[in-house]
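1. Fold the following for me, if possible:
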Amino acid sequence: MGIVLVRVDDRLLHGQVMEAWLPFCRATSLIVANDEAAGNPVQKMAIQSCASKGMEIKVRCIDESVSYVKSKDSDKEKIVMIISSLKDAIKLYSSGIRFSSLNIGNIHHNGDGMSLSTSVYIDSEDMDHIMRFQEAGVKIDIRAIPSDKAVKIPMDKK
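-> Numbers count the residues shown, from 1 in each chain. This next block holds a predicted model:
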């Protein structure tokens, strides 16, 4: 099966992911693909401690996450992959990890961010990344939880 959801969330792992997205996707595995978290033993342990029975949480750097998803081991799983930024999403996609939809749940910028929803504020670099995904045919899904109505990107913000 492989990846069932790729989510951009600068908060990484929290209730929206554990209580809404994982059950909605019927995920069997969660990968937090984040170089900083993977390199910080305390943060890694805190994230992994959120695992529930039957759910494995892997905290790996972006490159290790790409290698794992490309391996045959991941074929048996339904993976939700969490990344902290659109820049990391581009890195995944450029490394050959393909997904038809990208969920954007939480992005917070200090200062110059443009609001797309109550929890998504993007800057011009983020908008460039969104446009690259749209040009590649990737659907952009802006919503915090599955039951929310997806936010459309207004044409004047493109």
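2. List the contacts of residue 151.
-> The contact partners of residue 151, taken as Cβ atoms under 8 Å, 6 or more residues apart in numbering, are 116, 117, 120, 142, 143. Where you see a C-beta, it was placed from the backbone N, CA and C, and this is true even at glycine.
3. Isn't the last one up against residue 116?
-> To tie it back to what came earlier, the one meant is residue 143. No: assessed by Cβ atoms under 8 Å, residue 143 is found out of contact with residue 116, at 10.5 Å.
4. Which one's more surrounded, the two?
-> Between residue 143 and residue 116, residue 116 has the larger neighbour count (other Cβ atoms under 10 Å), namely 21 against 17.
5. what residues are up against that one?
-> Each residue near residue 116 by Cβ under 8 Å, 6+ apart is listed here: 104, 122, 142, 151, 153, 157.
6. show me where the protein has strands.
-> According to DSSP state E, the chain carries its strands in the segments 2-9, 29-33, 56-60, 78-83, 101-106, 114-115, 121-122, 139-142.
7. Would you format those strands as JSON lines with distance to residue 50 included?
-> Shown next, in JSON lines, are the strands of the chain (distance: least, Cβ to Cβ, whole Å):
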{"stretch": "strand 2-9", "distance to residue 50": "14"}
{"stretch": "strand 29-33", "distance to residue 50": "9"}
{"stretch": "strand 56-60", "distance to residue 50": "6"}
{"stretch": "strand 78-83", "distance to residue 50": "11"}
{"stretch": "strand 101-106", "distance to residue 50": "16"}
{"stretch": "strand 114-115", "distance to residue 50": "29"}
{"stretch": "strand 121-122", "distance to residue 50": "25"}
{"stretch": "strand 139-142", "distance to residue 50": "23"}
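8. Quick one, which of those strands gets closest to residue 16.
-> When the strands of the chain are ranked by distance to residue 16, counting by Cβ to Cβ, first place goes to strand 101-106 at 6.4 Å.
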